[in-house]
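Participant: Sequence plus predicted model, see below.
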Amino acid sequence: MPPILECRNLIKKFGSRTAVNDVSFSLYEGEILGLAGPNGAGKSTLLKMITGLIWPNSGQVLIRGIDVHQQHSLAMRQVGAIIEYPAFIADISGRRNLDIMTGGHGPEYLAKRDEIIRFVELEDRVDEKICRYSTGMKQRLGLALVLLPDSNFIILDEPTNGLDPGGMVEIRSLVLDYNQKFGTTVLITSH
């Protein structure tokens with residue numbers, strides 16, 4: 001079976017500074033791959049290249065065999081990603097944020113949205129305004145956002161940032177549980 005993600009010899013420079021230097025790897029369906037490194041190691045830059053937010057100086061990114069930088073929309077179908085921090089609209093509810101950001105509507109979307117909300121354990125707070133959410137609740141809502149609609153490959157950039165040790169364990173557990181329940185492929189970074 002071909003890989004879901006293939007990174008081939010990725011290099012990214014910012015002026016004279018090399019942020020990513022000749023990175024190659026493959027990720028297969030149902031796998032979880034963690035990229036660990038200190039702040040400034042190039043993790044977010046690598047994820048931005050993988051998601052097509054920035055172009056590499058050289059190298060190639062393929063998702064399901066499709067070049068992310070040549071056919072972005074096609075390559076990113078069924079990929080959910082949050083790079084750095086999830087940005088939500090503070091004065092509306094978590095539920096409304098999900099609907100706006102995904103463009104979701106219709107009975108299938110609503111059923112999936114409600115299932116994901118239960119999965120990330122926000123059903124009791126999802127109708128509150130985001131400005132009342134803790135960091136952990138925002139991270140859970142960010143996880144819900146990448147899982148909608150039907151993402152079978154998710155990319156999470158340091159989803160435990162700003163959380164206490166218990167919150168970190170909860171987010172990691174949710175990601176692992178979702179992977180085991182649905183076979184979702186996961187690329188995740190952490191410092």
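Facilitator: Perfect, thanks for sending it.
Participant: List the buried residues for the lowest-mean-pLDDT helix or strand in the chain?
Facilitator: One helix or strand of the chain scores below all others by mean pLDDT, DSSP states H and E: helix 165-182, with a mean of 83. Buried positions in helix 165-182, judged by neighbour count with 16 or more other Cβ atoms under 10 Å: 167-168, 170-172, 174-175, 178-179. Where you see a C-beta, it was placed from the backbone N, CA and C, and this is true even at glycine.
Participant: Can you name the next helix or strand after it?
Facilitator: The helix or strand immediately downstream of helix 165-182 is strand 185-190, counting by DSSP states H and E.
Participant: Convert that next one to PDB, retaining C-alpha atoms only.
Facilitator: The C-alpha trace of strand 185-190 is given here as PDB (Å, rounded to 0.1, in the frame of the first residue of the first chain):
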ATOM      1  CA  THR A 185      -3.500   8.600  10.500                       C
ATOM      2  CA  VAL A 186      -1.900  11.200  12.700                       C
ATOM      3  CA  LEU A 187       1.200  13.400  12.400                       C
ATOM      4  CA  ILE A 188       1.900  15.300  15.700                       C
ATOM      5  CA  THR A 189       4.600  17.500  16.900                       C
ATOM      6  CA  SER A 190       5.800  18.200  20.500                       C
END
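Participant: List the strands paired with it, with their directions.
Facilitator: Strand pairing for strand 185-190, determined by DSSP bridges: strand 32-36 (parallel), strand 153-157 (parallel).
Participant: Can you name the element that comes right after the first one?
Facilitator: From strand 32-36 onward toward the C-terminus, using DSSP H and E, the following helix or strand is helix 43-50.
Participant: so what secondary structure elements neighbour the following helix or strand past that next one?
Facilitator: Heading C-terminal from helix 43-50, the first helix or strand you meet, by DSSP H and E, is strand 58-63. Under the contact criterion of 3 or more Cβ pairs under 8 Å, 6 or more residues apart in numbering; DSSP states H and E, strand 58-63 touches strand 5-14, strand 17-27, helix 43-50.
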